[in-house]
Every structure is written in C-alpha cells, then in structure tokens.
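Colleague: coords please:
(one chain, ligands or ions: 1)
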Amino acid sequence: MGNNLLKGKKGIVFGALNEMSIAWKVAERVVEEGATITLSNTPIAVRMGTTNALAEKLNCQIIPADATSVEDLENVFKQSMEILGGKVDFVLHSIGMSPNVRKKRTYDDLDYSMLNTTLDISAISFHKMLQVAKKLDAINEWGSIVALTYIAAQRTMYGYNDMADAKAMLESIARSFGYIYGREHHVRVNTISQSPTMTTAGSGVKGFDSLVDFSERMSPLGNATADDCANYCVVMFSDLTKKVTMQNLFHDGGFSSMGMSFRAMEQYLKSFDGIKDKDGNIIYG
Ligand SMILES: NC(=O)c1ccc[n+]([C@@H]2O[C@H](COP(=O)([O-])OP(=O)(O)OC[C@H]3O[C@@H](n4cnc5c(N)ncnc54)[C@H](O)[C@@H]3O)[C@@H](O)[C@H]2O)c1
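Modeller: Here you go, the predicted model:
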C-alpha cells in the first residue's frame, strides 16, 4: 500500500526487462506511491522481454532507447517531458551488461573491444544520461537520480569480472556529476549498492547461487531483495532525502560492514570436510 511519498512526481525508469528486474519492482512501487512514469529499455529488450506487460499494468508508455546513444537518450527525455507534461523529478538507471561475462572471458583474458562495450553500457551511459538531462534542462530542482551498483566496485568479488571496473566508474560518475548538478540545479545524484539479487543480469555472474548464499549468511539482516531495493529507491526519489547526494549507499543487509559471520564460518568449516588429508590437514589443491 502506498503512502503518497511521490504524489505528483514524474519519473523515468530505465532497465525493466522482466518481472525479476529490479527496475520492474521500482516502477511498480513508484507508481504505487503516486508517481507517473515512462519506461525505457533497448528496442530488442522491449520486443523480446515483457516490458509491454508492465507498461500496460502501470498505464504508462515505453520509449525504446539504447542507453549508449546520446540521440536515443535525448529522445527519451524529450518524449517523457511531453508525455508527463513537464520536467522530470526522478530517474532510475538500472542498466548493466558485460559481453566479456557473457562470453566467459576471464579478467586476465579480456577482449578490449568487449570491455569498451561493458563500460559504455554499464557506466558511461549514466554520464550520457546526466549530460543529456542537464543540457535539456529536463530535471526539476531537487530532482533525484539513482543508479544501481554492486560492492565489487570496492572489493574484489570472484567472477564479477570487468563489471567491477564498470561499477567503480559508475560510482565515480555519480560523485563527479553530482557535484555539478547539485551546485547548479540542486539535482541529487546517488548510487545504491544492492545485494546480489536473482535477476537476468545477476544470474550471468559466475557462481551466482553461491554468491547469493554467501552474502545471505554474511549479512545480519540477510540479502536485500529487489522489493527492498524498490522501497529504498522510493525514499531516495522522495523529498525526505533532499540533502543526500554524491553518495554510494549500501543497501545490503549489513554485508559491506561484515568481515566474518557465525553463519558463514559454520558453512566454511563444513566445506573443508571433503578436502582434508588423513591427518586432518586442509588440502588446498
Ligand atoms: N542482480 C544483482 O545481483 C545486482 C546487484 C547489484 C546491482 N545490480 C545492478 O542492477 C541493475 C539492474 O540489473 P538487474 O539485476 O535488475 O538485471 P536485468 O537483467 O533485469 O536488468 C538489466 C537491464 O539492462 C538493460 N540494458 C542492457 N543493455 C542496455 C543498453 N545498451 N541500453 C539500455 N538498457 C540496456 C537490459 O535490457 C535490462 O533491462 C544493473 O545495473 C545491475 O548491475 C544488480
């Protein structure tokens, strides 16, 4: 049930592919809180995914765009202002993709043209979005822009590959642009660092099930779900967080502050059972 936290606000949600997408949950929640929105995703995702069903359910329009194309982004912002009847109050960037991950290229054997694509789609698209929005003066004063990120930007996580570099860049863009956008238009720019979440993009990461289980055991509050993330986005888009900007906000059940938990230790000890020699020494392989 909504609390009208976003009553009268207008927003753009990028990246809802299917029901599992974090952006999907965010779109549902912001509308529940009284916002009117447009949706955007790549033309192929709109054709192949189920974004149309979401648009129908929420009674909103989809504006297809490749987020690496400045022209496409200009179209999204211009059309959104037309459809929504004025400047936008919030934007969600929920976009990520690595061809190196998809093609199972390891971090010490990256294809550099694929790395460029990873960075363009997953990080530079955020800069393009911000630059386009600012040049078109498309965001209202005290508007709020959020991009989703992951803790692999700060700490090495097995299998996250070149997406870690993309996320580090994404978070840096939020700070660098957040300074300028805040100074000139009071627009705030933040990233939310979300727990591993079972989605199409998430499940592409090597050993993702184990990663979800590990962080669940490490986090005192357990992993944050996509629904939890949607709630946090609502707060970040609302007027209750007007002075929060240029931050990377961990939304991870406490994972980022943990070193070792009881639950993880128990599992860790169990996992040695099969790999000890007859004298009980661990065989490292
Ligand atoms: N799932 C997780 O574990 C997790 C954890 C932390 C952060 N995130 C981040 O959350 C965001 C959303 O991912 P998700 O987990 O909901 O997965 P998802 O696969 O549902 O969403 C990724 C979206 O990116 C879109 N996309 C890809 N290339 C694009 C392009 N060129 N232009 C526009 N859109 C494009 C896809 O169509 C898709 O809708 C990503 O930034 C992801 O890195 C996810």
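Colleague: Using the three-state scheme, assign the residue most central in space within the chain.
Modeller: Here the mean C-alpha position of the chain is nearest to the C-alpha of residue 148 (C-alpha atoms, centre = their mean), at a distance of 2.2 Å. Under the three-state scheme (DSSP: H, G, I helix; E, B strand; the rest coil), residue 148 adopts strand.
Colleague: And it, how close does it get to residue 71?
Modeller: Using C-beta to C-beta, to the nearest Å, residue 148 is found at 24 Å from residue 71. All C-beta atoms are positioned from the backbone trio N, CA, C, and that covers glycine.
Colleague: do the same with residue 249
Modeller: Counting by C-beta to C-beta, the gap from residue 249 to residue 71 is 31 Å.
Colleague: quick one: which of these two has more around it?
Modeller: Neighbour totals were compared for residue 249 and residue 71, and residue 249 leads with 17 against 9 (other C-beta atoms under 10 Å).
Colleague: Would you confirm that that one belongs to a strand?
Modeller: Yes. Counting by three-state DSSP, one finds residue 249 located in a strand.
Colleague: I figured it hits residue 190, correct?
Modeller: Yes. Using C-beta atoms under 8 Å, residue 249 makes contact with residue 190 at a distance of 5.9 Å.
Colleague: Common neighbours of those two, please.
Modeller: residue 236 (C-beta atoms under 8 Å, 6 or more residues apart in numbering).
Colleague: Let me see the contact set for residue 51.
Modeller: Residue 51 is in contact with 16-18, 39, 41, 45, 62, counting by C-beta under 8 Å, 6+ apart.
Colleague: make it 10 Å
Modeller: 15-18, 21, 23-24, 27, 39-42, 45, 62, 64 (C-beta atoms under 10 Å, 6 or more residues apart in numbering).
Colleague: These in helices, which ones?
Modeller: Those of the contacts of residue 51 mapping onto helices are 23-24, 27, 45, per DSSP state H.
Colleague: now, which of these sits nearest the ligand?
Modeller: residue 45 (3.6 Å; C-beta to the nearest ligand atom).
Colleague: Let me see the contact set for the residue nearest to the closest one when sequence neighbours are not counted.
Modeller: Leaving aside its sequence neighbours, residue 45 sits nearest to residue 17 (C-beta to C-beta, 6 or more residues apart in numbering; 5.4 Å). Contacts of residue 17 were listed using C-beta under 10 Å, 6+ apart, and they are 23-24, 41-42, 45-46, 48-51, 54, 94-95, 199-201.
Colleague: swap the cut-off to 8 Å and go again
Modeller: Going by C-beta under 8 Å, 6+ apart, residue 17 touches 23-24, 41, 45, 49-51, 200.
Colleague: restrict these to contacts with the ligand.
Modeller: Counting by C-beta under 6 Å from any ligand atom, 23, 41, 45, 200 from the contacts of residue 17 sit close to the ligand.
Colleague: Now, of those residues, which are buried?
Modeller: Buried subset of the ones next to the ligand among the contacts of residue 17 (neighbour count, 16 or more other C-beta atoms under 10 Å): 23, 41, 45.
Colleague: I am finished for the moment; much appreciated.
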